[in-house]
Structure formats: structure tokens, C-alpha cells
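Undergrad: generate a structure from the sequence data that follows.
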Amino acid sequence: MSKTFLKISQIILAFLIFLIPVFVWPFTNDFFAFPKVNLFIFGTLIAFLFWLASQLSAKKIEIKSNFLYYPLFLILLANIISFFVNWGGIEKFIAFWVFLPFFGFLLFSFVLTSVFDQKNDLVNYLLLGSGAIISCLGIWLFLLPQTKYPLSLNIFGFPLLITNSSFSPSGGSLNSALFLLSLIPFLTFNFQKLFKKEKEGGFWLKIIGEFLVTLIIITGLGVFVFQSISINKPVILPYLIGWAIAVENLKYPVNGLFGIGPGHFFNAFTRLKPLAYNYSNFWNNRFFYSSNEIFQIITTLGLVGLATYFYLVLKFIKTSKKTPEFWSAGIIFLSMIASPANFLLYFLLIVYLTLLFNKKAGKTYPLGKQAAAALGISFFLIIFAIFYFLGRNLASEIAFQKSLIAAGQNRGADTYNLQIKAINLNPYRSDFHQVYSQTNLALANSLTGQKNLSDQDKQTIAQLVQQAIREGRNAVALAPQNVLVWENLANIYRQLIYFAQGAEDWAIASANQAMRLDPNNPNQYLNLGGLYYSLKRFDDAASLFQTSVNLKTDFANGWYNLAAAYKEKGEWQKALDALNQTSRFVTVDSPDWEKVQKEIGEIKNKLPKAEEKTTKGKETLKLPEPLPSPKPEITPIELPPAQEATDTP
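TA: From the prediction side, this is the model:
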């Protein structure tokens with residue numbers, strides 16, 4: 001019985017190693033990383049249970065040693081410390097979900113060490129099989145004519161849309177290229193091993209098989225490398241910006257030591273990015289990962305996390321084994337210097353290092369009947385609790401994805417009910433509350449647009465509005481340092497200015513907090529300035545528009561809005577100067593350029609002299625959006641007095 005349990009555990013681990021690189025499903029919003037993490041955690045726990053059953057049935061516990069245990073434990077500990085140090089400012093569920101795989105990596109490494117022989121070639125062939133599948137898919141999609149895209153698959157009512165040839169189950173062309181590159185040492189080793197042996201039955205058949213697999217993987221690697229550097233080049237935060245954010249974070253003693261929190265680079269990005277970022281090609285983009293894994297660790301886990309990572313690297317460098325696993329792990333480590341890592345790369349690294357550091361020696365601890373029963377029950381209850389948590393989280397993700405599909409099909413009631421279900425299953429996700437608040441507001445706006453509203457309709461509208469506000473606030477409470485939730489809350493209050501008394505003050509307070517969390521983003525000042533403009537507070541609007549162009553002097557839309565504010569104030573010369581600046585940063589002869597020239601001509605008629613300057617640039621110009629029109633048939637609700645926004649309004 002003991003050997004049977006051990007064999008089952010080995011089979012489960014083999015399936016994990018083979019499936020994780022190629023595993024993808026459309027049942028959640030994230031098709032790639034989220035399913036892989038769930039499969040990994042569920043599979044590792046089940047494999048551990050069968051390993052434990054094999055030990056308990058033999059009335060002993062055999063612990064095989066591996067040098068990887070200590071670095072992995074320290075990395076996990078660094079994540080946990082950062083989690084608790086930043087308790088008040090992070091979204092706890094997201095931080096927990098980010099460091100949960102490191103617990104899984106430690107357990108996976110332990111079970112893999114316990115059930116796999118160091119010289120077992122099974123892992124080699126499993127990874128090569130996954131690589132061949134990814135390569136074949138990549139080659140087929142690359143050769144497919146562009147007219148065939150998008151490819152739309154429907155799996156049990158969940159759409160899977162492949163928009164271009166860069167689709168890969170690994171999560172993108174760069175991930176696929178790195179995975180296939182890490183398999184090259186295994187291919188080389190297999191050929192060397194074949195030629196070192198005496199020619200025996202099936203020798204040439206093995207040579208042909210190895211050659212075909214090598215040809216497929218090398219071709220796939222070429223396809224993904226080509227896509228990564230030309231057709232579908234991944235957008236990565238510029239290295240100088242990532243380094244500047246990491247260094248700026250080190251200036252704060254606590255953050256410098258323990259980081260800003262696992263999985264919370266985005267908070268550091270919005271708060272600490274330098275002004276130079278506004279003049280990059282990606283200035284309007286927001287990044288959730290740093291330029292590479294080193295900068296990511298410094299920012300999120302601090303110097304403590306960096307020390308644990310370097311300890312792992314040092315252990316790797318000092319090993320005397322120059323096996324294929326060594327070179328494959330080295331490729332992954334080098335990739336982390338060039339780009340941010342993801343779950344798949346970490347998983348591959350753990351597989352390679354576990355096999356590299358595996359030691360045959362171990363210790364055996366005998367177990368009595370009572371001790372075995374107590375140990376078995378304890379671990380079963382712990383793993384059952386983890387399964388329950390993971391199951392609810394997975395169910396919430398599926399319900400949320402269904403709600404997004406329903407929203408795309410204009411099924412408002414289904415969208416509303418499915419989002420309630422998702423939040424009930426997992427109330428700790430700020431993005432669930434954020435989207436649900438927008439759904440409530442959209443439904444309220446839809447009802448408001450109808451004619452001859454009944455008393456029940458008016459009551460429903462008031463309820464939807466109150467729920468939108470409540471859910472917007474809930475999102476803020478869960479992620480107080482995330483600028484996205486404050487922007488969402490400000491937008492909710494802005495749309496309710498004529499419906500909810502006091503909404504104007506709450507909108508301004510929320511927008512101010514968003515501005516504090518993203519102080520070097522000219523769009524934040526443009527947005528708040530646009531709100532003031534809509535409220536006819538033109539002095540305040542002009543001041544904020546001026547700040548936006550100070551942060552980015554080639555910000556055409558900022559100059560255009562500044563000109564509009566000056567026109568409303570009757571300061572025609574300043575309006576003309578702002579329009580002349582606008583014309584410098586829009587494309588000559590474009591509709592925007594013609595619009596600016598027309599307005600310049602109108603102002604020129606009001607002034608004796610004006611100078612016109614035009615150069616080439618690109619921007620889409622638009623004035624602030626007007627406030628929603630008041631509905632006289634709907635009685636406004638009353639909000640409490642606004643306070644200075646800090647954590648929640």
C-alpha cells in the first residue's frame with residue numbers, strides 16, 4: 001500500500017510538470033497565470049497527501065534533504081514579513097495570493113525530492129513534451145494567414161479569443177521563448193547520452209525521435225524570439241524608470257527594508273515614478289511589474305527580500321554539478337535580470353533547482369499508531385481548509401468571468417446577480433467591488449433614461465446609486481493605496497453631482513486623494529481640473545491644468561484645456577498662448593490641428609496682434625466632459641459632509 005501511494009504521488013507530480021507550461025482555460029478573467037497557480041496548488045497538496053499516506057501506512061516519516069529548502073523558506077519568510085509590515089496599506093488578498101505560490105514551491109520541492117530519483121529522466125521528457133506542444137502551436141499560429149484572425153473558440157459558453165499569432169499557453173511569446181530556451185541543455189544532454197552508449201536496438205529510431213523533437217523546439221524558439229523582438233514586442237517598463245522607483249523606495253526606512261508589499265509594485269509605480277517617465281513613449285501606460293525581477297524584489301520585498309534571493313543565487317553558483325538542470329536554471333536566472341519573472345518561470349526554476357540540489361541522504365523517523373493518526377488528521381484538516389479557501393476563490397473568479405460575458409451581451413440582470421455571487425464568494429477583491437459599483441451606476445443611468453418613471457423605478461434608482469457608492473467605498477477600504485479605486489470613486493461621485501447632495505465635495509476629495517497617490521501623472525491634474533471646469537470654478541481648473549503641463553510640457557490636451565479655462569475667464573492673451581503651445585504638439589493638418597487653428601483665428605479677432613507657431617506632434621484634444629444633466633423627476637439623495645480623503649471617504 002505504501003508503494004502504491006508513493007506511485008500515485010509521483011504520477012500527480014509528473015502531470016503537474018507536464019501540464020503547467022501548457023495549461024490554459026477561459027473560465028476565469030486571467031486565462032494563463034491564475035489557472036496555472038490553481039492547478040499547481042491543488043496538485044501539490046494532493047501529491048503531498050498521497051506521499052503522507054505512504055509514510056503513515058509504513059509507520060515512518062522519511063525526510064530527504066535538499067539544499068533548496070533553506071533559500072525557499074527564507075524567500076517565503078521575506079514575503080510573509082513584508083505582508084505583515086505593510087498590513088494597513090496593501091490589498092491583503094492580492095498580497096496573500098502573490099506569496100502563496102512560494103509556500104507551494106517549498107512543498108512541491110519537498111515532495112518532488114521525496115518521490116523522484118535525481119537521475120530519473122522522466123522530468124526531462126515531460127518538459128520536452130510540453131515544449132514540443134507549445135512549439136507546434138506557435139508555429140501553426142505563425143504560419144496561419146492574418147485573415148484567419150481572430151480565432152474564436154467557445155468552451156462551455158466561455159469564449160477564448162485568439163487575436164494574433166503571439167498567443168501561447170505559456171502566457172506570451174517572451175515566456176514561450178524563455179521556456180524553450182531553458183530546454184536546450186536537455187536536448188544537448190540527450191544527444192550526448194545517446195552517442196556515448198553502444199549502438200543497440202532502436203538506436204536510429206531514438207536518434208530520429210530526438211532530432212524531430214529538437215527541430216520542433218528550435219523552430220518554435222525561433223518563432224517566439226522573432227515575435228518577441230519585432231512583431232509582438234512585449235511592453236516592459238524602461239530600466240531607468242524601474243531603477244529610479246526601486247532607489248526612491250529605499251529612501252523610506254521601512255519600505256527599504258521590507259518593501260511596499262508582495263504584488264504591490266503598481267502602488268510604488270504611481271507614487272514614486274520620476275518626472276522623466278512623462279517624456280517616455282509609454283507615459284500614458286501603467287505598469288504592474290518593474291523592469292526586471294531584481295527591481296521588482298527590491299521594490300516589493302525590500303533589501304530583506306533581495307538578500308534571500310541572492311542567497312538562492314549564491315547556492316546555485318556554488319554548486320559543483322554542471323548538469324542540464326544547472327544550465328537551464330542559469331538561463332532562467334539570467335532572464336530575471338532582463339525582464340520580470342512570472343509564475344511559470346519560477347515554477348521551471350524550482351523544478352530545475354530541486355533536481356540539481358537533490359541529495360540521496362535523508363533521515364527516517366519511526367511513528368507509533370497514535371502519532372501517525374494525529375499527524376494524518378492534522379494535515380488533512382489543514383489541507384481541507386486550504387482546499388475550501390481555494391475552491392471559493394476559484395468559484396468567485398468563474399462567476400466574475402460569467403458576469404463580464406453577460407455584460408458584453410447586454411444582459412444587465414445576469415451581470416448584476418453574477419457579480420453579487422462573486423463578491424459573496426470572495427468579498428476581499430477590490431476589483432470585484434469596483435466593477436460592481438460601475439454596474440450599479442450603469443443600471444441606474446439606464447433606468448434614469450426611461451420615460452414616465454414609476455415610484456418603484458425611482459426607488460430602484462436610489463438603491464442602485466447607494467449601492468454604487470457603497471461598493472466604491474468598499475473597494476477603497478480594501479486597497480487604500482491603489483489609485484484605481486480612488487479614480488473609480490471620484491468618477492462615481494462626479495456622475496451623481498445632480499442626484500446626490502454633497503457628491504461634488506466627495507468627488508473633489510476622492511480626486512485629490514488619487515492625485516496624492518499618483519503625484520507626477522499629468523492626467524490626474526487634468527481630471528480634477530476638468531471637474532472644476534464642469535463646476536464653472538475656472539480659477540481652480542486653470543491652476544490644475546497649468547500643473548499638468550508643468551509636469552509634461554508637451555502635453556497637448558493639457559494646453560488645450562488650459563486655453564479653454566482662460567477663455568472662460570476672458571483672459572484672451574493667455575488663452576492664445578496656450579493654444580499656440582497646443583499647436584506645437586499636434587500633427588500638422590490633422591483634425592486636431594485644424595481645430596486649434598480655427599480657435600486661434602477666433603481669438604486673434606479679439607486681439608490686435610498674435611503670433612502663430614506650429615510644429616509636428618500627436619495628441620487627441622478634448623474638453624472636460626460635462627456633468628450629467630439633472631433629472632427633475634428624481635428626488636436627490638443626501639450624502640454626509642465631505643472630509644479630507646485619507647483611507648475611506
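
Undergrad: output the strand ranked longest in the chain in CSV with nothing but the alpha carbons.
TA: Longest strand in the chain, counting residues (DSSP state E): strand 358-366. Below are the C-alpha coordinates for strand 358-366, written out as CSV (Å, rounded to 0.1, in the frame of the first residue of the first chain):
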residue,chain,number,x,y,z
ASN,A,358,18.6,16.9,-4.6
LYS,A,359,20.6,14.7,-2.1
LYS,A,360,20.2,11.0,-1.7
ALA,A,361,20.8,11.2,2.1
GLY,A,362,17.9,11.6,4.5
LYS,A,363,16.5,10.7,7.9
THR,A,364,13.8,8.3,8.9
TYR,A,365,11.6,8.9,11.9
PRO,A,366,9.5,5.9,13.2
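
Undergrad: give me the buried positions along the helix or strand just after it.
TA: Where DSSP states H and E defines the elements, the next helix or strand beyond strand 358-366 is helix 369-408. Within helix 369-408, the residues that qualify as buried are 372, 376, 379, 386, 390, 393-394, 396-403, 405-407, counting by 16 or more other Cβ atoms under 10 Å. For every residue, glycine as well, the C-beta is placed using N, CA and C.

Undergrad: again, but for stretch 422-433
TA: Residues of stretch 422-433 classed as buried: A422, I423, L425, N426, Y428, R429, S430, D431, F432, H433 (neighbour count, 16+ other Cβ under 10 Å).

Undergrad: how about residues contacting the longest strand of the chain?
TA: K59, K60, I61, E62, I63, K64, S65, N66, F67, T113, F116, Q118 (Cβ atoms under 8 Å, 6 or more residues apart in numbering).

Undergrad: which of these fall within helices?
TA: When the contacts of strand 358-366 are checked against helices (DSSP state H), the matches are T113.

Undergrad: now pLDDT and neighbour count too, for the contacts of strand 358-366, in CSV please.
TA: Shown next, in CSV, are the contacts of strand 358-366 (pLDDT from 0 to 100; neighbours: other Cβ atoms under 10 Å):
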residue, pLDDT, neighbour count
K59, 88, 13
K60, 88, 14
I61, 90, 16
E62, 88, 13
I63, 89, 14
K64, 89, 18
S65, 87, 14
N66, 91, 22
F67, 91, 17
T113, 93, 21
F116, 83, 21
Q118, 58, 17
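
Undergrad: Serialize the contacts of strand 358-366 to TSV and add fields for distance to F18.
TA: Formatted as TSV, the contacts of strand 358-366 follow (distance: Cβ to Cβ, whole Å):
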residue	distance to F18
K59	33
K60	30
I61	28
E62	26
I63	27
K64	23
S65	26
N66	22
F67	25
T113	19
F116	14
Q118	19
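
Undergrad: re the thing from before, show me the two of the buried residues of stretch 422-433 that sit farthest apart.
TA: L425 and S430 (15.1 Å; Cβ to Cβ).

Undergrad: in the longest strand of the chain, which residues are buried?
TA: N358.

Undergrad: likewise for stretch 570-581?
TA: Of the residues in stretch 570-581, E571, W572, K574, A575, L576, D577, A578, L579, N580, Q581 count as buried by neighbour count, 16+ other Cβ under 10 Å.

Undergrad: low-confidence stretches in the stretch 501-649 of the chain?
TA: Where the stretch 501-649 of the chain drops to pLDDT under 70, the residues are 608-620, 623, 625-649.

Undergrad: same check on the stretch 351-500 of the chain?
TA: 360-361.

Undergrad: so of the buried residues of stretch 570-581, which ones are in helices?
TA: W572, K574, A575, L576, D577, A578, L579, N580, Q581.

Undergrad: any idea how far A372 lies from A47?
TA: 19 Å (Cβ to Cβ, to the nearest Å).

Undergrad: then N424?
TA: Applying Cβ to Cβ to N424 and A47 gives a distance of 31 Å.

Undergrad: same thing with L161?
TA: L161 is 34 Å from A47, by Cβ to Cβ.

Undergrad: looking at the two, which is more packed in?
TA: For the pair L161 and A47, the greater number of neighbours falls to A47 (25 against 13), based on other Cβ atoms under 10 Å.

Undergrad: which SS class is the more buried one?
TA: helix (DSSP: H, G, I helix; E, B strand; the rest coil).

Undergrad: now it. Nearest residue, chain neighbours left out?
TA: Among residues not flanking A47 along the chain, I12 sits closest, at 4.2 Å (Cβ to Cβ, 6 or more residues apart in numbering).

Undergrad: hmm, the one you found is touching L49, no?
TA: No - counting by Cβ atoms under 8 Å, I12 sits too far from L49 to count as a contact (9.4 Å).

Undergrad: mind listing what the residue nearest to L52 when sequence neighbours are not counted touches?
TA: Nearest non-adjacent residue to L52, counting by Cβ to Cβ, 6+ apart: F379, 5.9 Å away. The neighbourhood of F379, defined by Cβ under 8 Å, 6+ apart, consists of F48, L49, L52.

Undergrad: repeat for Y149
TA: Per Cβ under 8 Å, 6+ apart, neighbours of Y149: I162, T163, N164, S165.

Undergrad: and the pLDDT at it?
TA: On the pLDDT scale, Y149 is placed at 79.

Undergrad: and the gap between it and I155?
TA: With Cβ to Cβ as the criterion, Y149 and I155 are 18 Å apart.

Undergrad: how about the residue positioned nearest the centre of the chain, phi and psi?
TA: The structure's the chain has its C-alpha centroid closest to F288; by Cα atoms, centre = their mean the separation is 5.8 Å. Backbone torsions for F288, taken as degrees, to the nearest 10, come to phi -100, psi 0.

Undergrad: tell me which residues touch it, please.
TA: Per Cβ under 8 Å, 6+ apart, neighbours of F288: F265, F266, F269.

Undergrad: of the residues you listed - the most surrounded one?
TA: Neighbour-wise, the contacts of F288 (other Cβ under 10 Å) top out at F265, 26 neighbours.

Undergrad: ok, that one touching E293?
TA: No - assessed by Cβ under 8 Å, F265 is found out of contact with E293, at 11.0 Å.

Undergrad: picking up where we left off before, next, format the contacts of F379 as CSV and append pLDDT, distance to W87 and neighbour count.
TA: Formatted as CSV, the contacts of F379 follow (pLDDT from 0 to 100; distance: Cβ to Cβ, whole Å; neighbours: other Cβ atoms under 10 Å):
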residue, pLDDT, distance to W87, neighbour count
F48, 96, 29, 21
L49, 95, 32, 20
L52, 94, 33, 21
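
Undergrad: how about the buried residues of stretch 570-581 in JSON lines, adding distance to Y416?
TA: Shown next, in JSON lines, are these (distance: Cβ to Cβ, whole Å):
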{"residue": "E571", "distance to Y416": "48"}
{"residue": "W572", "distance to Y416": "50"}
{"residue": "K574", "distance to Y416": "48"}
{"residue": "A575", "distance to Y416": "45"}
{"residue": "L576", "distance to Y416": "50"}
{"residue": "D577", "distance to Y416": "49"}
{"residue": "A578", "distance to Y416": "44"}
{"residue": "L579", "distance to Y416": "45"}
{"residue": "N580", "distance to Y416": "49"}
{"residue": "Q581", "distance to Y416": "46"}
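
Undergrad: ok, for Y239, nearest residue in space, not its chain neighbours?
TA: In space, Y239 is closest to S291, 4.5 Å off (Cβ to Cβ, 6+ apart).

Undergrad: try I603
TA: Sequence neighbours aside, L576 is the residue nearest to I603 in space, at 4.7 Å (criterion: Cβ to Cβ, 6+ apart).

Undergrad: can you pull the contacts of S437?
TA: Per Cβ under 8 Å, 6+ apart, neighbours of S437: Q467, A468, I469, R470, E471, G472, A475, N488, L489, I492.
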